[in-house]
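S.K.: one predicted model, sequence on top.
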Amino acid sequence: MSWRDIWAIPVLRTNLWAACLLYAEGTFNFYLLSFYMKYFPGNIFVNSVFFACSDLAAFFLAGVLLNCTSMKLTLRIASVAALAGGFMYLFLEASQPELLPAMVILSRIGQSMIFNTTLISVNRLFPTLFIANAYGICNFCAHIIACLSPFVAEIKNPYPFTFFVSFVMVALFSSFFLTQIDDKEAMKKGGCDIDVINNLGSRKAEKVDLYNLVKKSETLENEETFKLE
């Protein structure tokens, strides 16, 4: 399987570019906050404790929300939290320094939730047959962007957090275009019959013209049609 097989199916194509944006945002902002931590007002060691506790809370909350709701809703809740912390820091950091812990915690919890949710949920966006390629493409795009985060963190204020808030908005925007593979009707409307592709994944998939099979899948009655010689 190659990226062309993913790109040939409309719903998977949309999932791919949305996942790439989410991966890029999650990785860039996660490391941007880490590199910028030394510039937060106050004691760097106290701020480090806030970061560590925020990460623990974020990973726990992301798991709970993913189990209880959906990937899209989890990403939106996380984005709102990160935006709240980011905007508070941009506009209130100088006038209300007593709110700094809340700014740090909200920013970090929201961003860590986005990062963690994106990292563990790619398998909810692609059939098993495509997951390795999807992860590779998303990681490649993310690390191209993430390598810029230490440089952005060194720019004078307010530009680092302007980048942070802008990227969180990108994540929020991307969340509206995701379709999970457990939503079989939506996937089928997008040209991807999950049952057909999963059945192919257990056979000699390299001998199958996947694109044509998926296009014909709506007219096929049962699995017997796909038996390979």
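M.R.: Yep, that arrived.
S.K.: give me the pLDDT for the residue most central in space within the chain.
M.R.: For the chain, the residue nearest the mean C-alpha position is Thr118 (3.0 Å; C-alpha atoms, centre = their mean). Confidence at Thr118, expressed as pLDDT, is 91.
S.K.: the helix or strand where it lies: which residues count as buried?
M.R.: Following DSSP states H and E, one finds Thr118 within helix 100-121. For helix 100-121, the buried set under the neighbour-count rule, 16 or more other C-beta atoms under 10 Å, comprises 100, 102-119, 121. No exception for glycine: its C-beta is placed from N, CA and C like everyone else's.
S.K.: tell me where this protein has helices.
M.R.: In the chain, the helices defined using DSSP state H lie at 3-7, 10-36, 44-68, 71-92, 100-121, 131-146, 149-153, 159-175, 184-189, 194-201, 210-216.
S.K.: so what are the domain limits for the chain?
M.R.: If you go by automatic domain parsing, the domain ranges for the chain are 3-175, 193-226.
S.K.: what residue ranges in the chain score low on pLDDT?
M.R.: 1, 183-229 (pLDDT under 70).
S.K.: who are the contact partners of the closest residue to Leu12 other than its chain neighbours?
M.R.: What sits nearest to Leu12 in space, not counting adjacent residues and going by C-beta to C-beta, 6 or more residues apart in numbering, is Ile6, at 4.8 Å. Ile6 makes contacts with Leu12, Arg13, Leu16, Phe126, Phe130, Asn133, Ala134, as judged by C-beta atoms under 8 Å, 6 or more residues apart in numbering.
S.K.: farthest-separated two in those residues?
M.R.: Arg13 and Asn133 (12.7 Å; C-beta to C-beta).
S.K.: which residues touch stretch 146-158?
M.R.: Residues from elsewhere that reach stretch 146-158, judged by C-beta under 8 Å, 6+ apart: 24, 27-29, 31-32, 35-36, 39, 90, 159-160, 163.
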